[in-house]
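>>> Provided below are the primary sequence and the corresponding predicted coordinates.
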Amino acid sequence: MVKVGAVRERVNALLQQAGLGREECLARLGRIARVSIVEFYRACEDGHGVVVDWHQVLEGEHRDVIREIRIGAQGVEIRGYDRLRALEWIGKSRGLFVDSVVDEQSLERPISQAALAQALQQLWAYRRANAQVIEGRRERERRAGIAQ
């Protein structure tokens, strides 16, 4: 999950000591990202409202995505871990996000004269083929008082 080699090795060693390998950690993050907290509720038998599905909460295969269970005036509320944060961690561990700024000028490539000439030919051909449409638009803009 960390890009720097020495730190990555140390984090992996700590995960192994805790009995949690890198792949298992990513698998748990994947479950957090995929499993909706809705899975722990079910519709009431009379069709009005929802109730907690305690079997899913206590014994279901996704019970490890539950962060907190609160009992209050509104009833029982189940809260899961942050799904977006889990996706972010997975993305970072896979190198999907770059933390550095890319120099845009390094991406520019010079355009050859042949490519430029071809693009100009295509532009003029389009303009000739659509001259009536272009002039009609200019006339409508002129009438509407839109400056060019």
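Perfect, I can see it now. Predicted, not measured: the structure shown is a model, and the values here were computed from it.

>>> drop to CA atoms for contacts and neighbour counts, all remaining ones
Will do.

>>> so is Glu68 in a helix, a strand, or just coil?
strand (DSSP: H, G, I helix; E, B strand; the rest coil).

>>> residues in contact with Tyr81?
Tyr81 makes contacts with 32, 65-67, as judged by Cα atoms under 8 Å, 6 or more residues apart in numbering.

>>> switch the cut-off to 10 Å
29, 32-33, 36-37, 64-68 (Cα atoms under 10 Å, 6 or more residues apart in numbering).

>>> In helices, which of those appear?
Taking DSSP state H, the ones among the contacts of Tyr81 that sit in helices are 29, 32-33.

>>> can you pick the most crowded of the residues you listed?
Of all the ones in helices among the contacts of Tyr81, the highest neighbour tally under other Cα atoms under 10 Å goes to Ile32, namely 23 neighbours.

>>> you'd agree that one is up against Arg83?
Yes. Assessed by Cα atoms under 10 Å, Ile32 is found in contact with Arg83 at 5.7 Å.

>>> Adding pLDDT and distance to Val76, write the ones in helices among the contacts of Tyr81 out as a markdown table.
Formatted as a markdown table, the ones in helices among the contacts of Tyr81 follow (pLDDT from 0 to 100; distance: Cα to Cα, whole Å):
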| residue | pLDDT | distance to Val76 |
| --- | --- | --- |
| Leu29 | 86 | 25 |
| Ile32 | 89 | 20 |
| Ala33 | 90 | 22 |
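
>>> Looking at the residues you listed, spot the one nearest Glu77.
Distances from Glu77 to the ones in helices among the contacts of Tyr81, taken as Cα to Cα, are shortest for Ile32 (17.4 Å).

>>> Any figure for the gap between that closest one and Ile111?
Distance, Ile32 to Ile111, using Cα to Cα, to the nearest Å: 47 Å.

>>> Identify the contacts common to Ile32 and Arg83.
Shared contacts of Ile32 and Arg83, counting by Cα under 10 Å, 6+ apart, come down to Val65.

>>> where exactly do the strands run in this structure?
Assigned by DSSP state E, the strands in the chain fall at 41-43, 50-52, 66-72, 75-80.
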